[in-house]
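1. Compute the structure for the input listed below.
(2 chains)
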Protein chains: 2
Amino acid sequence: MGKFARMEPATLQSVGIGGGFWGERQETVRRASIPATLGHLEKEGRIDAFRLDWKPGKPNQPHIFWDSDVAKWLESAAYSLALHPDAALERKVEHVVDLVAKAQQDDGYLNVYYTVVAPRKRFTNLRDQHELYCAGHMMEAAVALWEGLGKRKLLDAMSRYGDLAWRTFGPKRWQKRGYCGHPEVELALVRLYRATGKRRYLDLARFFVTERGRKPFYFDIEARARGENPDKAWGARGIAAKYDYFQAHKPLRQQDAIEGHSVRALYLASGLADVADECGDRGLLDAARRLFRSAVRRRMYVTGGVGSSHDGERFTFDYDLPNERAYAETCAAISLVFFAHRMLQMEADGEYADVMERALYNGVLSGVSLDGKSFFYVNPLISHPGPLSGWGDQNSWTRQSFFGCACCPNNLTRMVASLGRYMYSRSRDGVYVHLYGESSFESWTGGTRVRLSQETEYPWDGTVDITVSPDRQARFSLCLRVPGWCRGARITVNGRPVPVGRVTRKGYAVLSRKWSPRDRVRMVLPMPVQREEARPEVRMDCGKVAVRRGPVVYCLEERDNGKHLADVALPRNGKLKARFERGLLGGTVAITGRGVRRNTGKWGDALYRAERSRPNPVRLKFVPYFLWNNRGPGEMMVWVREN
Amino acid sequence: MGKFARMEPATLQSVGIGGGFWGERQETVRRASIPATLGHLEKEGRIDAFRLDWKPGKPNQPHIFWDSDVAKWLESAAYSLALHPDAALERKVEHVVDLVAKAQQDDGYLNVYYTVVAPRKRFTNLRDQHELYCAGHMMEAAVALWEGLGKRKLLDAMSRYGDLAWRTFGPKRWQKRGYCGHPEVELALVRLYRATGKRRYLDLARFFVTERGRKPFYFDIEARARGENPDKAWGARGIAAKYDYFQAHKPLRQQDAIEGHSVRALYLASGLADVADECGDRGLLDAARRLFRSAVRRRMYVTGGVGSSHDGERFTFDYDLPNERAYAETCAAISLVFFAHRMLQMEADGEYADVMERALYNGVLSGVSLDGKSFFYVNPLISHPGPLSGWGDQNSWTRQSFFGCACCPNNLTRMVASLGRYMYSRSRDGVYVHLYGESSFESWTGGTRVRLSQETEYPWDGTVDITVSPDRQARFSLCLRVPGWCRGARITVNGRPVPVGRVTRKGYAVLSRKWSPRDRVRMVLPMPVQREEARPEVRMDCGKVAVRRGPVVYCLEERDNGKHLADVALPRNGKLKARFERGLLGGTVAITGRGVRRNTGKWGDALYRAERSRPNPVRLKFVPYFLWNNRGPGEMMVWVREN
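-> All right, here's what the predicted structure looks like:
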């Protein structure tokens, strides 16, 4: 545990997710997504690229970030195998690891592109070329294989690469004072440090985090060394060329707002939190807090999506959250979960868990189809066929099986496959339950082994039955998250009510007592249909509400509600009913109610008219946002006007 | 008059606009805009460029469309001088004309860029280089100087260029089968034909109009001749490279929708209408009708702005009219007036005049500041400081004194300076009044000279007093437009009521009678404040209304209504009062009423919340859209939510 950590996440193997909501999703990832994404990587030569036999003129020229796609696939497979042995998959993993390890150079360097496409150019363009980003993802895969399966081969290889990086980058005169344009290696180095105990990896992570944004800008120095004029980089418009795109416009300690490319910003913030924790650096922790608040209190969609702009896949300015043109990359919502999860361990504050849950059930899961075989890169809150036509796979209005820039699919699989780590934590004197869902958790606390198990239909129902089973009677705290969305949570222990308000601190009901084997806790989180407003500064959502039930944000789809969804309005006081429908979208709670819309038929071919329309009543049906576009393409809308 | 024309526009000199709304604007153009734009053209070397003494390495390298900027300035000055002699301005004009004429090559060719920057490349890239577009604007200037001031020098020069073009382009084996990527020369050639009587210019215009879009595509042929692969033009995304951007994707007779770059599309449509009329080509007339309906019934803002997309400055798809990201270039609204005016002469249908009026009082005039010295290139219907920051002068959220691409300022000055031509027409048996405003008109009809004069405060008041003064008693029709926005128009002739409904055909009240000197007609157009809806397919405007009074569309400005305008809503049945305020924005009718908005203060730092807000009553003040941004920068919004 780090210096500030008040708890540590569950290990992957300590959590069992047999069935229920997340169990089904993990099974889909295991059975469909991991094989399907491997198929794409193989077909496109991204795995064979590690054979290093590409020659100019041959097809499938390795791309600068292919290494990271393979790494994330390995990491996903490692999580999946750790929970569900599968001999065939394990052989695949070993085969890929062998290829990767063989591709490593004698001095520890590993990068397909810079070995076969642009040799002798390594580390000459940290700004644009994703070199250390690829290294970071491979380090994460290595740690996952070691921690989950006890496989050391890739860990040893990536440690050698870590050693090379540690010698290459740093403040000394003969070292490069650089950092990667796409953060990722920072958090990976901390994982590598935790897995190996070798302090140099933490030192290097700390160097990357604290050097970033210092003047003179390293990106300028290396550009000049390449013979380029850094002021003319990235075209005349120059917006993307400003260093806030890379979070390198000023040192992190001086940054107050989350800026630039959203995935970069949140990977970096995650690494920042890790370094702050491990180094006990309060200034860095403060910076992390500021960035978190900027991201979630001023720049986050109601779905937990972040990074609103297509131009630069980036954050823009406070409260700028366009719905139809939302970018909200799947990877960005995932990296928000990474960041929130790290902050939660240090701060034990339910706001972090609320954000984590909001993103998971909405902007993360929207990235994958029900069958696990197709993915959204971009997650708009309004979808209309017109604006996206002709903009290529990333911006398609229906999920795609893979992408040229294939970051999202395997980011999603590794998130879902490792979900258990996000559900529980262990603290010095107890256990935390952050996320509800059918599962079990085994941990040591209060001097004994404790087994928790949750039985629940969450998120479709708010009743959670928890069995607490210490090996022997013991005093410890069971800290149950009371979601920020919930009013009137009730808890009983062995049938006796707990005064929830009195025992709740920062979003966690702390049940401190002497626990006995098979103690039973029931938590009831009332889940009425709620209408969420956005604050008045969010100009796109004024006069509108988002329909939410529990952690799940809902949307209207054309399939259920016809075309021209923008014309639908919800009476302010109309009743909305929730009902579980077994046959709908794999079994889900749908919400129905009365709405109104105008009659297009009466307009002739007038575009505008002064005559006033009388809206007609219509029946509306909402489905969970994350399940949209699973019944063919069509319009979709989250925020609905009230009238 | 052409084959289909049912009337012909007033000549510039036959209309007097002494004062009133348009008189003031013409004076501002004369006193401020024409000198100011000349100053910019001089300072940037766009006029001296015609000296042809630029050499590589020298500053102020002539740009491919500089010729057109100078031409439009000349045209504006010609209109202004025709009505208001001004010796100093006339000397300037003669000086510029001398420079231009001297720059003409021996064979008639005239283009600064292709003479000094890229010699020997002339007519090798019609698609991108605006060569004939420049020629067209210079032809228009030449016609204006000849018709308005009797100056022949430029007309002779541009006739020689017209002759060269006529020899160069055409269907014969030795000719180029091309047409300009930026239409303009088509309508200019028809003007040149009408001014000179030389049929070859009409023939060439007809060739350009009918050849366009035929296969094999000329743009492909010339690209291959340049050694380029036409499929790779304009970058990988390729959207702009599709020939619908140039209206060259198929022959005009087969086009049903207005497509591509909006100014190109509407200049072309204007030329199409001219050619249809002069050639009596019913197929081309039908095409023009279809394009007009597509533009105004499915793709026009409530302000008369068109071309909604920043990407490609273009039309997109039906009902796609984003407010904040509206492009709605000033030039596009102006060219819509050109097109509507031409169609109106052929069809005598008030819909064309309604569109002309809507554009003029809103999307055209919004392009210029009250003082005549600064201009909008882009005319959004919502303005917010955030989205436009860092996007350069064209997209600034406050008017600019000039632009690198300076098409809009002098397009606006020539429109305002020649406004009289749009107000009246003469038909075989009468006169038409299309636009109301303090003015007079002299014409021959029914075998006598007739003088009309309007006394009115229009557009601020709907009462129009018209004195009809034939030299002697005569029978003819006075056709008064009954605006499409008007309900309950009343007309009296010498105090006696006219049954307006009974005498109105296609938007014109036809008063056919024997007129005597000093007959007095009073027209009363009731002007209540109206709320306009957009049809349900316009997804951005659902649940919203545009406040309009008479032809003038209103907006809310931050100056009067505070920040976060999107949060303002208008009670559906609230009263809106109109009052003329002498001290406001040079004297204008403002509209006030009650609205509601939420209280930002009560939100703490929550971004979303399930607790419902109670909106507070506020007082709202609307000002004419075309007058926005004359009191410093700030938010602005046209469409307002109702609740």
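
2. for the record, mean pLDDT for stretch A:35-52?
-> Mean pLDDT, stretch A:35-52: 97.

3. how long is it from one end to the other?
-> 24 Å (C-alpha to C-alpha, to the nearest Å).

4. what's in contact with that stretch?
-> For stretch A:35-52, contacts defined as C-beta atoms under 8 Å, 6 or more residues apart in numbering or on different chains pick out A:59-60, A:62, A:66, A:69-70, A:73, A:76-77, A:92, A:96, A:99-100, A:102-103, A:112, A:115-116, A:372-373, A:401-402, A:406, A:409-410, A:413. Backbone N, C-alpha and C define where each C-beta goes, glycine included.

5. mind redoing it with 6 Å?
-> When contacts are defined by C-beta atoms under 6 Å, 6 or more residues apart in numbering or on different chains, stretch A:35-52 is touched by residues A:60, A:62, A:66, A:69-70, A:73, A:96, A:99-100, A:103, A:112, A:115-116, A:373, A:402, A:409-410.

6. and if you look at stretch A:626-641?
-> With C-beta under 6 Å, 6+ apart as the test, stretch A:626-641 has contacts from A:362, A:365-366, A:369-370, A:381-384, A:398, A:541, A:543-544, A:546, A:555-559, A:565, A:569-570, A:585, A:625, B:543.

7. Same question for stretch A:461-477.
-> Under the contact criterion C-beta under 6 Å, 6+ apart, stretch A:461-477 has outside partners A:429-430, A:436, A:445-446, A:448-456, A:510, A:512, A:514-527.

8. Any chance of a PyMOL selection covering the buried ones in the contacts of stretch A:626-641?
-> Only the buried entries of those go into this PyMOL selection, using 16 or more other C-beta atoms under 10 Å in any protein chain shown:
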select buried, (chain A and resi 362+365+366+369+370+381+382+383+384+541+543+544+546+555+556+557+558+559+565+569+570+625) or (chain B and resi 543)
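
9. A:Ser440: helix or strand, and which one exactly?
-> Using DSSP states H and E, A:Ser440 sits within strand A:439-445.

10. With only the CA atoms kept, save that strand in CSV.
-> Included here for strand A:439-445 are C-alpha records, laid out as CSV according to Å, rounded to 0.1, in the frame of the first residue of the first chain:
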residue,chain,number,x,y,z
SER,A,439,-20.2,-11.9,-6.5
SER,A,440,-18.0,-13.1,-3.6
PHE,A,441,-14.9,-11.7,-2.1
GLU,A,442,-12.3,-13.3,0.2
SER,A,443,-9.9,-11.2,2.3
TRP,A,444,-7.9,-11.0,5.5
THR,A,445,-9.0,-8.5,8.0
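
11. Check which helices and strands it sits against.
-> Taking 3 or more C-beta pairs under 6 Å, 6 or more residues apart in numbering or on different chains; DSSP states H and E as contact, the helices and strands that strand A:439-445 lies on are strand A:430-433, strand A:448-456.

12. Give the partner strands of the last one in its sheet and their orientations.
-> Just to be clear, that refers to strand A:448-456. Strand A:448-456 sits in its sheet next to strand A:439-445 (antiparallel), strand A:463-470 (antiparallel), going by DSSP bridges.

13. taking those strands together, which one is wrapped up most tightly?
-> The highest mean neighbour count among the strands paired with strand A:448-456, using mean count of other C-beta atoms under 10 Å in any protein chain shown, belongs to strand A:439-445: a mean of 21.

14. Can you list the buried residues in stretch A:46-62?
-> Those would be A:Arg46, A:Ile47, A:Asp48, A:Ala49, A:Phe50, A:Trp54, A:Pro62, for stretch A:46-62 by 16+ other C-beta under 10 Å.

15. What's the first helix or strand after the lowest-mean-pLDDT helix or strand in chain A?
-> When each helix and strand of chain A is scored by mean pLDDT, DSSP states H and E, helix A:385-388 comes last, with a mean of 72. Next helix or strand after helix A:385-388 toward the C-terminus (DSSP H and E): helix A:407-417.

16. Check which residues of that next one are buried.
-> Buried, per 16+ other C-beta under 10 Å, within helix A:407-417: A:Cys407, A:Cys408, A:Pro409, A:Asn410, A:Asn411, A:Leu412, A:Thr413, A:Arg414, A:Met415, A:Val416, A:Ala417.

17. Report the entries of those that also contact chain B.
-> Among those, no residue sits close to chain B (C-beta under 6 Å from any C-beta of the partner chain).

18. closest to chain B among these?
-> The closest of the buried residues of helix A:407-417 to chain B turns out to be A:Cys407 (C-beta to the nearest C-beta; 19.8 Å).

19. number of nearby residues for the closest residue to that closest one other than its chain neighbours?
-> Sequence neighbours aside, A:Cys331 is the residue nearest to A:Cys407 in space, at 5.1 Å (criterion: C-beta to C-beta, 6 or more residues apart in numbering or on different chains). Number of residues near A:Cys331 (other C-beta atoms under 10 Å in any protein chain shown) recorded here: 25.

20. Give me the pLDDT for A:Cys331.
-> Note on A:Cys331: pLDDT of 98.

21. wouldn't it be in contact with A:Ala406 here?
-> No - look at A:Cys331 against A:Ala406 with C-beta atoms under 6 Å: they stay out of range, at 10.5 Å.

22. Dump the strands paired with strand A:448-456 into CSV; add mean pLDDT as well.
-> Output for those, formatted as CSV (pLDDT from 0 to 100):
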stretch, mean pLDDT
strand A:439-445, 95
strand A:463-470, 97
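
23. between those, which gets nearest to A:Ala223?
-> Closest to A:Ala223 of the strands paired with strand A:448-456 is strand A:439-445 (C-beta to C-beta; 49.6 Å).

24. how near is A:Thr139 to A:Arg160?
-> Careful, residue A:139 is Met and not Thr. Distance, A:Met139 to A:Arg160, using C-beta to C-beta, to the nearest Å: 11 Å.

25. who has more neighbours, these two?
-> Neighbour totals were compared for A:Met139 and A:Arg160, and A:Met139 leads with 31 against 18 (other C-beta under 10 Å).

26. which residues touch the more buried one?
-> A:Met139 touches A:Met158, A:Ala188, A:Leu192, counting by C-beta under 6 Å, 6+ apart.

27. Quick check: of those, which has the highest neighbour count?
-> That'd be A:Met158 among those, by other C-beta under 10 Å, with 33 neighbours.

28. and the helix or strand hosting that residue, which residues are buried?
-> Applying DSSP H and E as the criterion places A:Met158 in helix A:153-168. Neighbour-count burial for helix A:153-168, with 16+ other C-beta under 10 Å as criterion, is recorded at A:154-155, A:157-166, A:168.

29. other SSEs contacting that helix?
-> helix A:87-102, helix A:131-149, helix A:199-211.

30. Mean neighbour count, those: which tops it?
-> The highest average neighbour count among these, using mean count of other C-beta under 10 Å, belongs to helix A:131-149 at a mean of 26.

31. pLDDT averaged over it - what is it?
-> Here the average pLDDT along helix A:131-149 is 98.

32. How about stretch A:634-643?
-> pLDDT averaged over stretch A:634-643 gives 96.

33. Repeat that for stretch A:290-301.
-> Mean per-residue pLDDT for stretch A:290-301: 98.

34. The helices and strands packed on strand A:439-445: which one's closest to A:Ala225?
-> Among these, the nearest to A:Ala225 by C-beta to C-beta is strand A:430-433 (48.7 Å).

35. Could you give the separation of the closest one from the chain centroid?
-> Relative to its chain's centre, strand A:430-433 lies at 22 Å (C-alpha atoms, centre = their mean, to the nearest Å).

36. Next: stretch A:556-568.
-> Chain-centre distance of stretch A:556-568: 29 Å, with C-alpha atoms, centre = their mean.
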